[in-house]
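Visitor: structure for this input, please:
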Amino acid sequence: MKKLLFLVVVLFYSTTSIAQETSFYSNTDIFLKKYVQAKKVNYEAIKKDPKTLEDLIKQIATFSLSNDPKVNKAFFINAYNIVMINAIVEKYPIKSPMDITGVFDKTKYTVAGTKLTLNDIENKMIREKYKDARIHFVLVCGANGCPPITNFAYTPENLEHQLEQQTKLAINNPDFIKVNVKSKKVEISQIFEWYKEDFISTKSSYIDFLNKYKSEPIPANFKVAFYTYDWSLNKH
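Guide: Coordinates of the predicted model:
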């Protein structure tokens, strides 16, 4: 009898957890499809009708982490992007996320029952745990310098494909990776400079990393420079 009761309890919590995950990814997808147009966010429209965002923030706060790393990785990517949007909406109208004092490193948000800053989500919950440079092409800090935000949610079952796709799109975007054949130079985002250890090692260079995704490989002798990050708001 006790064994049967235990199995019923386990099944209940497992079913509840799956339903919670499905609801979160589905609601995130609906929200992004409604408010992201042409890879920009319609902050003004969200500000006028914030209930959907408020509901997502509640789901983020109470989300139960899984034993499946893919579930947690997808959750934290979506959570970062939604929490960032929420931080901007709360202060909107602004010209840049940098106009919000402490938005990345001071203000704490409840994420899966834990108080975390945006930097905590990125560095402790994603970078430190997964060691995956591709996350830099899906985390969106509300600025035009970021790789563009998608109008769909990242989901555990599609995450590997989505990470590959967004990384390829970013690295083959001539506005993001600026290759000048005449001067034998490639200009890349300061994201690569700030997170240098994620992209290069003693055995590989920036160009090595880029060429894993570039449709037209960059010659190894090209010089690498960093262009200034655009912190203007990614508003629609």
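Visitor: what secondary structure does the residue nearest in space to the middle of the chain sit in?
Guide: Geometric centre of the chain, nearest residue: Leu139, 2.1 Å, by C-alpha atoms, centre = their mean. For Leu139, the assignment made with DSSP: H, G, I helix; E, B strand; the rest coil gives coil.
Visitor: show me what contacts it?
Guide: Leu139 sits next to Ile77, Tyr80, Asn81, Glu122, Ile126, Cys146 when contact means C-beta atoms under 8 Å, 6 or more residues apart in numbering. For the C-beta atoms, the positions are set from N, CA and C on the backbone; glycine is no exception.
Visitor: next secondary structure element downstream of the helix-or-strand element of the chain with minimal mean pLDDT?
Guide: Within the chain, confidence by mean pLDDT, DSSP states H and E is lowest for helix 2-35 among all helices and strands, at a mean of 72. Past helix 2-35, further along toward the C-terminus, the next helix or strand under DSSP states H and E is strand 36-37.
Visitor: quick check: mean pLDDT across that following strand?
Guide: Averaged across strand 36-37, the pLDDT comes to 97.
Visitor: list the neighbouring strands of that strand plus their orientation.
Guide: Using DSSP bridges, the strands paired with strand 36-37 in its sheet are strand 40-41 (antiparallel).
Visitor: what does the next helix or strand after the partner strand rub up against?
Guide: Once the chain leaves strand 40-41, the next helix or strand it forms, by DSSP H and E, is helix 43-48. Here helix 43-48 makes contact (C-beta under 8 Å, 6+ apart) with Tyr35, Thr52, Leu53, Ile85, Ile88, Val89, Tyr92, Pro93, Leu233, Lys235, His236.
Visitor: which of the contacts of Leu139 sits closest to Gln166?
Guide: Ile77 (10.2 Å; C-beta to C-beta).
Visitor: which stretches of the protein have low pLDDT?
Guide: 1-17 (pLDDT under 70).
Visitor: now the helices for it?
Guide: In the chain, the helices defined using DSSP state H lie at 2-35, 43-48, 51-62, 69-91, 118-119, 128-130, 159-171, 190-194, 196-199, 206-211.
Visitor: what angle do the fourth one and helix 159-171 make?
Guide: Following axes from the mean of the first three to the mean of the last three C-alpha atoms, to 10 degrees, one obtains 50 degrees for the angle between helix 69-91 and helix 159-171.
Visitor: what residues sit buried inside helix 69-91?
Guide: By 16 or more other C-beta atoms under 10 Å, the buried positions in helix 69-91 come out as 71-89.
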